[in-house]
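A.B. asks: generate coordinates for the sequence data below:
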Amino acid sequence: MTTTELLRNLPFVRVAEPVRFPPGTGAGQRTSPRRLLRADARVRDAAGEDGPLPLEVDEVSATGAFVLSDLLLPVGATVEIAFNLPLCDDDVVATGRVVRVEERGGRPGMGIHFDRMAGGARASLRAYTTWQ
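C.D. replies: Below you'll find the predicted structure:
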């Protein structure tokens with residue numbers, strides 16, 4: 001059984017409650033352009049010893065990403081994330097923190113702010129989010 005199949009068989013556990021932002025505040029004020037991205041991601045709680053969870057990136061910017069997941073970490077948790085951009089050979093690898101937990105289209109997820117990134121990942125993200 002694959003890790004994804006194993007995770008899908010686990011009971012739903014919500015570690016944090018979704019946050020609802022009033023219009024024009026919080027998630028409504030972006031510092032970097034965002035772009036939708038459907039990509040597999042590997043997210044790991046940097047404070048834990050467990051392996052990375054296979055999640056799905058919903059949108060991305062040069063400063064963060066939103067990942068869809070039924071397994072949510074609390075706001076403030078430090079995470080390591082890795083995912084691939086279309087037409088890029090190297091994975092984007094970053095360390096960041098969970099800044100919000102909310103539902104999108106009925107699916108729960110986490111907003112992750114990138115604090116540190118490997119190599120030229122931030123430049124790749126900037127280029128990806130400006131190309132439409």
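A.B. asks: how close does Phe66 get to Leu55?
C.D. replies: To Leu55, Phe66 is 10 Å away according to CB to CB, to the nearest Å. Every C-beta, even on glycine, is put in place using the N, C-alpha and C of the backbone.
A.B. asks: sheet partners, orientation included, of the helix or strand hosting Arg44?
C.D. replies: If you go by DSSP states H and E, Arg44 is part of strand 35-45. Here strand 35-45 is paired, per DSSP bridges, with strand 53-60 (antiparallel), strand 78-83 (antiparallel).
A.B. asks: can you list those in a markdown table and add mean neighbour count, distance to Glu103 and mean pLDDT?
C.D. replies: Shown next, in a markdown table, are the strands paired with strand 35-45 (neighbours: other CB atoms under 10 Å; distance: least, CB to CB, whole Å; pLDDT from 0 to 100):
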| stretch | mean neighbour count | distance to Glu103 | mean pLDDT |
| --- | --- | --- | --- |
| strand 53-60 | 20 | 11 | 90 |
| strand 78-83 | 20 | 19 | 94 |
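A.B. asks: who does Met117 bridge with?
C.D. replies: Judged by DSSP bridges, the bridge partners of Met117 are Ala94.
A.B. asks: and the strands in the protein?
C.D. replies: Here the chain has its strands, by DSSP state E, at 35-45, 53-60, 64-68, 78-83, 92-104, 107-117.
A.B. asks: closest to Ser124 out of the ones you listed?
C.D. replies: strand 92-104 (6.5 Å; CB to CB).
A.B. asks: thanks again, I'm all set now.
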